[in-house]
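Q: no sequence on this one, just coordinates:
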């Protein structure tokens, strides 16, 4: 065996971070697409069509308060940032608590906390606020991943699993906190209507540990692969709208095709050297980015409706939950009881950059 082969064998044999549990949280109130249209008095048939043909049935949202005339108050940017903070802390805390319960752990067990968000800016970040809210140890290491968008859950998972592997036996937790209703603009344009028809509020947390003495409690994270498409850097963005005096999210209509054109390449990078082909993957967990995005991934990877059933189910029941969407789907997959020992899973998220992030896991 050559030195290079020995090094590769050592890397392949080293203990990996494994998933112990996933927890989720959403707001108390949910609305059908038709209810949202009626609440805001939207009568434009083109906009109504966008909502009703989105493959989304219901979303959990923190809607603006009612005004004196029975309508809804148009929140200022300051009020939206306050909504992001208050609702983010509340949902994030519940998601972490649910995650710990499923993992059989206590708040005091957390030694590393990663918080991911793109629906507002906050300093100190959610990690500091959740340490205080949950009563975590003051020496808890932490990281905030801010502004990376829908793909950011896997960016955060990269850091979380890496920390767990370098601290065997210690518990690392990542929580994705997205109060998407704190990022809405209501101006009647098609640009904002597409965004307003798609996103929902929610938080999702995942607990990982790397414990050579107690392996096999959940799928192990083997490797990651990422691909950014610089020529499409403006296809998904969250920037300032001078007319509205707020930040506004933009989605280019070409996004599904940009993702589809690059998804085979990044999956090839992810599986390179593993001896696996896409057809060997037993379970797929794809970001619920929208109907056209999901269809594009399916077509280009040759996936079936069954392969993405949890992805489409989360889109139907929650809408696009940004960075935490894939954890909602993974939770459904894990709870279905179909993952067998030795099977492989691929996690995939897509977002601004334009970026595709992937992870390979083995149960």
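A: Looks like it arrived, so ask away. The structure displayed is predicted, hence computed values, not measured ones.
Q: hmm, residue 222 is touching residue 363, no?
A: No. The pair residue 222 and residue 363 fails to qualify as a contact (C-beta atoms under 8 Å) at a distance of 10.9 Å. Heads up, the C-betas are built off the backbone N, CA and C, glycines and all.
Q: gap between stretch 158-165 and the chain center?
A: Taking the mean of its C-alpha atoms, stretch 158-165 sits 17 Å from the chain's own mean (C-alpha atoms, centre = their mean, to the nearest Å).
Q: now do it: everything it contacts.
A: For stretch 158-165, contacts defined as C-beta atoms under 8 Å, 6 or more residues apart in numbering pick out 14-17, 112, 114, 141, 143, 145, 170-174, 206, 208-210, 221, 224, 359.
Q: in PyMOL, how would I select just the buried ones from the residues you listed?
A: Applied in PyMOL, the following selects the buried portion of these according to 16 or more other C-beta atoms under 10 Å:
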select buried, resi 16+17+112+114+143+145+170+171+172+173+174+206+208+209+210+221+224+359
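Q: from the contacts of stretch 158-165, which ones fall inside helices?
A: Secondary structure assignment by DSSP state H places none of the contacts of stretch 158-165 in helices.
Q: so, low pLDDT: which residues of the stretch 201-350 of the chain?
A: Residues of the stretch 201-350 of the chain that meet the criterion pLDDT under 70 lie in 213-216.
Q: list the contacts of residue 48.
A: Counting by C-beta under 8 Å, 6+ apart, residue 48 has contacts 37, 42.
Q: distance check, it against residue 54.
A: With distances defined as C-beta to C-beta, to the nearest Å, the gap from residue 48 to residue 54 amounts to 11 Å.
Q: swap in residue 231?
A: With distances defined as C-beta to C-beta, the gap from residue 231 to residue 54 amounts to 27 Å.
Q: next, count neighbours for residue 243.
A: The burial count assigned to residue 243 is 9, neighbours taken as other C-beta atoms under 10 Å.
Q: ok, residue 73 next?
A: 12.
Q: kindly state the pLDDT recorded for it?
A: You'll see residue 73 listed with a pLDDT of 88.
Q: low pLDDT regions in the stretch 51-200 of the chain?
A: Regions of the stretch 51-200 of the chain meeting the criterion pLDDT under 70 are absent.
Q: now the helices for it?
A: 77-103, 126-134, 152-166, 190-196 (DSSP state H, counting those that start in this stretch).
Q: how's this structure carved up into domains?
A: Dividing the chain into domains by automatic domain parsing, as the record does, gives the ranges 18-209, 218-362.
Q: identify the residue nearest residue 150 in space, chain neighbours excluded?
A: Leaving aside its chain neighbours, residue 150 sits nearest to residue 351 (3.7 Å; criterion: C-beta to C-beta, 6 or more residues apart in numbering).
Q: just to check, the one you found is in contact with residue 151?
A: Yes. Residue 351 is within contact range of residue 151, at 3.3 Å (criterion: C-beta under 8 Å).
Q: quickly list what's touching both of these two.
A: Taking C-beta under 8 Å, 6+ apart as the contact rule, the neighbours common to residue 351 and residue 151 are 287, 323, 357.
Q: mind checking which of the residues you listed land in strands?
A: Those of the shared contacts of residue 351 and residue 151 mapping onto strands are residue 357, per DSSP state E.
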